[in-house]
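**Student:** here is a sequence together with a model predicted from it:
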Amino acid sequence: MLQKLLILFKLGYPSFWRKKNNLIEKIIIFILLPFSFLYFLISKIDRKIKKTSKVGIPVICVGNINTGGSGKTPFVIYLANLFKKKKINAHIVSLGYLGKLRGPIQVNVKEHSSKDVGDEALLLAKETNTWISKNRFEGALMATLHGADVIILDDGLQNYSLHQDLKIIVVDGGFGFGNKFLLPAGPLRESVNSGIKKSDILILFNKDENCIEKEIKNKIPIIHGNSKIKKFTKLKNKKIIGFSGMGRSEKFYSSLKEKKLNILKFFSFPDHYSYNKKKIDGLINYAKKNNAILVSTLKDEQRVNFNQRKKIFFLDLEIVIKEEKSLINFLKKKKIV
């Protein structure tokens, strides 16, 4: 039930979820507060009735308090590649958000589509062994039986069916915790205090515009990081039409602007937006009429028809962890590496 509520509100990122609100937005928040209280009660019941089970190998949960747009998926990819360097066989277990398959099933990028397993799982499967499962414990158990040394639980901070040896919370400094209200009045899945209290370490991405460090003080260790666009040089001195359907598509738009690229128009779609052929054809034709290159993200690519992908330039977002040695030492201390 809790997951169904998340689906209802994750598809969009309304302006009143932000830290500062005008009068109309404050009225909307006030109207939605009873529903936030209902969400709180459902969350509490969900936590009490769930039985937590272990699978016998370390489980690292990478999650967030907000509903999306924090940088969780790129960090999961970063972590998977870090384990590769250490010759540790890490398997990712994902919910398969908005995918029709229940699992547990190992994601095959050649056989599965985003409609089967979700866009995030497809993206993760290109990096390492990835499983989707609506039941996280069953997914982790299958990964264990197939030789995993460690499990990276993608987006499971509010899931209590699987024991987690290490909880990593990811926060974007540009958005912070928004207006700090629970869904649907705000973007939070749980209160800031609750999320921080149960987590072991916080990954803070990009400039801390919302004084996150000051707010949490010494409650939890903080590792800093930045996200940046890879392989964008081909776009210099070119006209660009951009589009994206992520938790906060404006982050991608801002990244393009930071590179001083010539953006004629940018189209934002809801998070995990399912592009149909007609919609993409419209974007392709719009770019062609303006003699521009159509640009999007690798995450969006997973939801675009395969035959249309060659007409779009997809950019990858790279994660740079400033205190990587500190992170590795922290993982060693927790006996993960």
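**Tutor:** Good, I have the coordinates.

**Student:** show me the helices in the protein, by range?
**Tutor:** 2-10, 23-49, 72-85, 114-117, 119-125, 136-145, 192-198, 212-216, 249-258, 277-289, 298-301, 324-333 (DSSP state H).

**Student:** and the fourth one, what other elements does it pack with?
**Tutor:** Contact analysis of helix 114-117 by 3 or more Cβ pairs under 8 Å, 6 or more residues apart in numbering; DSSP states H and E lists no helix or strand as a packing neighbour. Just so you know, the C-beta spots here come from the backbone N, C-alpha and C atoms, and that holds for glycine as well.

**Student:** check the helices of the chain for me and report the most buried one.
**Tutor:** For the helices of the chain, the largest average neighbour count (mean count of other Cβ atoms under 10 Å) is found in helix 119-125, namely a mean of 26.

**Student:** other SSEs contacting it?
**Tutor:** helix 72-85, strand 90-94, strand 130-132, strand 150-154, helix 298-301.

**Student:** what are the contacting residues of the third one?
**Tutor:** Pointing back at strand 130-132 there. Applying Cβ atoms under 8 Å, 6 or more residues apart in numbering, the external contacts of strand 130-132 come out as 91-96, 99, 101, 103-107, 117-118, 121, 124, 139-140, 142-143.

**Student:** buried sites along stretch 105-112?
**Tutor:** Within stretch 105-112, the residues scored as buried using 16 or more other Cβ atoms under 10 Å are I105, Q106, V107, H112.

**Student:** quick revisit: in CSV, list the helices and strands packed on helix 119-125 along with mean pLDDT and distance to E215.
**Tutor:** Compiled in CSV, the helices and strands packed on helix 119-125 are given as follows (pLDDT from 0 to 100; distance: least, Cβ to Cβ, whole Å):
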stretch, mean pLDDT, distance to E215
helix 72-85, 95, 20
strand 90-94, 98, 29
strand 130-132, 98, 34
strand 150-154, 97, 26
helix 298-301, 94, 29
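
**Student:** distance to K279 for those - can I get that in a markdown table?
**Tutor:** Converted to a markdown table, the helices and strands packed on helix 119-125 look like this (distance: least, Cβ to Cβ, whole Å):
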| stretch | distance to K279 |
| --- | --- |
| helix 72-85 | 23 |
| strand 90-94 | 25 |
| strand 130-132 | 25 |
| strand 150-154 | 27 |
| helix 298-301 | 12 |
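
**Student:** out of those, which is closest to N226?
**Tutor:** helix 72-85 (10.6 Å; Cβ to Cβ).

**Student:** just checking, what packs against the closest one?
**Tutor:** Counting by 3+ Cβ pairs under 8 Å, 6+ apart, helix 72-85 packs on strand 59-63, strand 90-94, helix 119-125, strand 150-154, strand 166-172, strand 313-321.

**Student:** the residue nearest to L79 when sequence neighbours are not counted: neighbour count?
**Tutor:** With sequence-adjacent residues excluded and distances taken as Cβ to Cβ, 6 or more residues apart in numbering, L79 is closest to I152, at 5.8 Å. The tally of other residues near I152 (other Cβ atoms under 10 Å) stands at 28.
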